[in-house]
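# Below are the sequence and a predicted model for it; my questions follow.
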Amino acid sequence: MSLDALVLALTSVIRPTSVASVYAMLSAARPTRLLAAYIVAGMIFSVGVGVALVALLGVSVVAEAPDEVHAAIALVLGAISLGYAGGLLSGWVSTPTRRRRRNQAAGESETWLGRQLADLSAPRAALVGVLTHVPGILYLAALSAITASTSSNTNRIFQVLVYNVIWFAMPLTALVLAARRSAELQKFLRRVSDWIWRHQHQILITVFGLLGVYLIVRGIVEVQR
């Protein structure tokens, strides 16, 4: 497994939209049905897109790019991550929790995701699973790292699967524990999800700050080789 892809996957585990989705499903009457629909639809979509993009990258010049190009990508992504962390720290960038509170204070309507999570059904959970796992810059960077790490398409596909399993770690864990139908476990998961949702501002600053430092150091090391 590419180290860069692994780090990027771990960074993606705690995402505000995923936490909000898992919390809403755990609070529903039939959480296992909703979580299963969310995971299956989201996983099929993100794995399918990942495999397709890896296949395209594998036959493009990206896989044969010199180390300087990969170093530049790492430096740019590192700068973006640090910039995002700095924006959160300074208040220029808002987390979903703060935007939601600001909207409620202003009397504005709920977001699209909030409306979907307010009245969940299996089809809606599946749709949310897809739309909350649309490939972003971190996923694309991970796919680039995976492509550059090996010339074996089988290995690349395996790494895409591993990345997605890590990406879906929170809903997968919630599904396994909720399937045991233990009220105590479900209450514990809801408390954990609620804590993450309430502290996402600090969590995101820490995660993206550390990711930015890692990527910049990684890029500098690549340049000096």
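Structure's in. What do you need? Residues are numbered from 1 along each chain as shown.
# from what I can see A179 touches T32, true?
Yes: A179 lies in contact with T32 (C-beta atoms under 8 Å); the separation is 5.1 Å. Where you see a C-beta, it was placed from the backbone N, CA and C, and this is true even at glycine.
# quick one: buried residues of the helix or strand hosting S18?
If you go by DSSP states H and E, S18 is part of helix 16-26. Residues of helix 16-26 classed as buried by neighbour count (16 or more other C-beta atoms under 10 Å): P16, S18, V19, A20, S21, V22, Y23, A24, M25, L26.
# Nearest to V51 among those residues?
S18 (21.2 Å; C-beta to C-beta).
# The closest one reaches A169, doesn't it?
No: using C-beta under 8 Å, S18 makes no contact with A169, being 9.5 Å away.
# Quick check: next helix or strand after the helix or strand hosting G129?
Assigned by DSSP H and E, G129 falls within helix 122-131. Note on helix 122-131: by DSSP H and E, the next helix or strand toward the C-terminus is helix 137-149.
# helices or strands next to that following helix in the packing?
helix 3-11, helix 31-58, helix 67-90, helix 153-167 (3 or more C-beta pairs under 8 Å, 6 or more residues apart in numbering; DSSP states H and E).
# Please state the offset of it from the chain centre?
14 Å (C-alpha atoms, centre = their mean, to the nearest Å).
# mean confidence score for it?
Average pLDDT, helix 137-149: 84.
# buried sites along it?
Neighbour count says helix 137-149 has L138, Y139, L140, A141, A142, L143, S144, A145, I146, T147, A148, S149 buried, by 16+ other C-beta under 10 Å.
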